[in-house]
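[1] Dropping a prediction and its sequence here:
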Amino acid sequence: MTAVRPLHTDRLRLQPAGPGDLPFLVELDSDPEVLRHILGRGRTAREARDYWSPQLPGPMWVGHVGEQPVGWWAVWPREGGVAELGYRLARRWWRQGPAVEGARAVLAEAFADTQLDVVRAETMVVNAGSRGVMRRLGMREVRTEVREWDEPLPGAELGEVISEITRQEWRSTLS
């Protein structure tokens, strides 16, 4: 994938993530509900700063409605024409559409890279919200993996769902 450039949707302005986004990323990761299926708790402000600071600027977008940041989206290239989609949304924006809207813009940008064949995403089986976003993007669940964790989160015994969408499937969602 080429360098991250600004993207726009009807409602979102997606800007390349940079150091100025650190306060929002710290706030986002401090919410225990936002990280419930990732860490099982919110990060402390220090943990969030330590996690995000080395990654900024990075290959991701922070989305805004007006001047208010609402979440982040990223597509990380992997080997063999595959990439991984990630996103995180502030709780006050859940079930209002920005997760899907931002992810669609990011997927369109990712599939503009002719070397990319498949985009995958994963979440816990119990994360109904994220699984719904993936379905609305046209992604299909291809497998479930039950992994071993030192400190498993509630629901970990049900596994992680891996979803994907191919370039051809993506094109069919545009018509």
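    Cool, got the structure. Numbers count the residues shown, from 1 in each chain.

[2] so what does the helix or strand where residue 132 lies touch, helix or strand wise?
    With secondary structure defined by DSSP states H and E, residue 132 is part of helix 128-136. Contacts of helix 128-136 with other secondary structure elements, assessed using 3 or more C-beta pairs under 8 Å, 6 or more residues apart in numbering; DSSP states H and E, are made with helix 98-111, strand 118-124, strand 160-166. The C-beta positions use only the backbone N, C-alpha and C, and glycine is treated the same way.

[3] need these in CSV with mean pLDDT, can you?
    Below are the helices and strands packed on helix 128-136 laid out as CSV (pLDDT from 0 to 100):
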stretch, mean pLDDT
helix 98-111, 95
strand 118-124, 96
strand 160-166, 97
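
[4] Can you show me the strands along this protein?
    Using DSSP state E, the strands found in the chain span residues 7-8, 13-16, 60-65, 68-77, 82-89, 118-124, 140-145, 160-166.

[5] Pick the most buried one from these.
    Between the strands of the chain, strand 60-65 has the highest mean count of neighbours, a mean of 22, where neighbours are mean count of other C-beta atoms under 10 Å.

[6] And the contacts of it?
    4, 7, 11-17, 21, 24-25, 69-74, 86, 93, 98, 102, 106 (C-beta atoms under 8 Å, 6 or more residues apart in numbering).

[7] Convert the C-alpha atoms of that strand to PDB, please.
    Only the C-alpha atoms of strand 60-65 are listed here, as PDB (Å, rounded to 0.1, in the frame of the first residue of the first chain):
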ATOM      1  CA  MET A  60      -3.400   4.600   9.900                       C
ATOM      2  CA  TRP A  61      -6.100   7.300   9.800                       C
ATOM      3  CA  VAL A  62      -7.900   9.100  12.600                       C
ATOM      4  CA  GLY A  63     -11.500  10.000  11.500                       C
ATOM      5  CA  HIS A  64     -13.200  13.200  12.400                       C
ATOM      6  CA  VAL A  65     -16.800  14.400  12.300                       C
END
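
[8] just how off-centre is that strand within its chain?
    Offset of strand 60-65 from its chain centre (C-alpha atoms, centre = their mean, to the nearest Å): 11 Å.
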